[in-house]
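Enquirer: okay, here's the prediction I keep looking at, along with the sequence it came from:
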Amino acid sequence: MSQHDQNDEGRRRFLKVAAGGVAAATILGTLPRMAQAADLPHLSPSDPTAAALKYTEDGSKAMGKKAPNDACMNCNFYQGKAGAAWGPCQLFPGKVVASKGWCASHAVMI
């Protein structure tokens, strides 16, 4: 076996292992996270990010809403289950928001 053939074989082996690693990382990245909404702390309206976005736990009292029924539960960023009182929000990672809450970044779910 020549040196050239050994280099080709080593390259092929490397590419197979690299492709397998990329595939495994992709699959693992799509698996659901282990943390449940019940395990996460509730977002406080006094949190700096929440205050900047005018977050309130009771959306009926929020100022600046575009529609009277705007609430976290019908926002594109809200990831909670239907009917749950609290759920994760993409804007506040590691915390849960009130499903009846509201913030200035509300985007109607499509």
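Expert: Great, that's in hand. Numbering: from 1, shown residues only.

Enquirer: give me the neighbour count for the nearest residue to residue 88 once chain neighbours are set aside.
Expert: Of all residues beyond its chain neighbours, the one nearest residue 88 is residue 79 (4.5 Å), with distances taken as Cβ to Cβ, 6 or more residues apart in numbering. Quick note: C-beta positions are derived from backbone N, CA and C, even for glycine. Residues contacting residue 79 under the criterion other Cβ atoms under 10 Å number 14.

Enquirer: OK, contacts around residue 79?
Expert: 87, 88, 89, 90 (Cβ atoms under 8 Å, 6 or more residues apart in numbering).

Enquirer: mind checking which of those land in strands?
Expert: Those of these mapping onto strands are 87, 88, per DSSP state E.

Enquirer: what about residue 12, distance to residue 72?
Expert: Applying Cβ to Cβ, to the nearest Å, the value for residue 12 to residue 72 is 52 Å.

Enquirer: quick one: which of those two has more around it?
Expert: Here residue 12 and residue 72 are compared on neighbour count by other Cβ under 10 Å; more neighbours surround residue 72, at 27 against 10.

Enquirer: next, that one: phi, psi?
Expert: Per-residue torsions, residue 72: phi -60, psi -40 (degrees, to the nearest 10).

Enquirer: show me what contacts it?
Expert: Here residue 72 is in contact with 59, 78, 80, 87, 89, 97-103, 106 (Cβ under 8 Å, 6+ apart).

Enquirer: what about residue 107, how many neighbours?
Expert: 12.

Enquirer: how near is it to residue 81?
Expert: Separation of residue 107 from residue 81 (Cβ to Cβ): 19 Å.

Enquirer: what mean pLDDT does the longest helix along the chain get?
Expert: Taking DSSP state H as the criterion, the chain has its longest helix at helix 3-30. Regarding helix 3-30, the rounded mean pLDDT is 76.
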